[in-house]
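**Student:** fold the following and give me the result.
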Amino acid sequence: MFICIVVQVYLAGMALFGNSEAWKWHRTFVHMFEYFSVVLFILGIVGKLSRRMIWGSLGLFLLFNIQYYTAHGIAGALHPVLALVLFWGALALVRGSYPFLKK
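**Tutor:** Numbering: from 1, shown residues only. You can find the predicted model right below:
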């Protein structure tokens with residue numbers, strides 16, 4: 001999921017500073033991974049991960065939904081800011097998962 005967010009930001013940058021056709025890719029690509037966080041939430045419960053990991057994945061899902069509302073109109077200025085929050089939230093989950101991977 002973290003890598004998908006990085007790719008999504010890259011596509012937005014590519015569209016903004018170069019190929020305007022990349023906006024289409026930016027809008028389409030998000031649908032390929034928008035529900036990963038729900039899967040992570042369910043797997044976190046099944047795998048008995050920490051509450052921080054479980055609720056963090058649900059928080060990412062909520063942020064993804066808020067992103068749709070900020071994509072247009074006056075709230076559009078929040079769209080890249082929330083993308084940063086998604087990036088750091090996903091990175092925190094990746095870093096927090098390391099002790100579980102060691103087990």
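
**Student:** list the residues that contact residue 18.
**Tutor:** Neighbour list for residue 18: empty [criterion: C-beta atoms under 8 Å, 6 or more residues apart in numbering]. For glycine as for every other residue, the C-beta is placed from the backbone atoms N, C-alpha and C.

**Student:** any idea how far it lies from residue 30?
**Tutor:** Distance, residue 18 to residue 30, by C-beta to C-beta, to the nearest Å: 19 Å.

**Student:** element containing residue 5?
**Tutor:** Assessed by DSSP states H and E, residue 5 sits inside helix 2-17.

**Student:** what mean pLDDT does that helix have?
**Tutor:** Average pLDDT, helix 2-17: 92.

**Student:** downstream neighbour of it in the secondary structure list?
**Tutor:** That would be, after helix 2-17 and using DSSP H and E, helix 22-33.

**Student:** what angle separates that next one from helix 2-17?
**Tutor:** Orientation note: helix 22-33 sits at an angle of 170 degrees relative to helix 2-17 (axes from the mean of the first three to the mean of the last three C-alpha atoms, to 10 degrees).

**Student:** from what I can see residue 61 touches residue 42, true?
**Tutor:** No: contact criterion C-beta atoms under 8 Å: residue 61 and residue 42 do not qualify, at 10.9 Å.

**Student:** nothing else from me, thank you.
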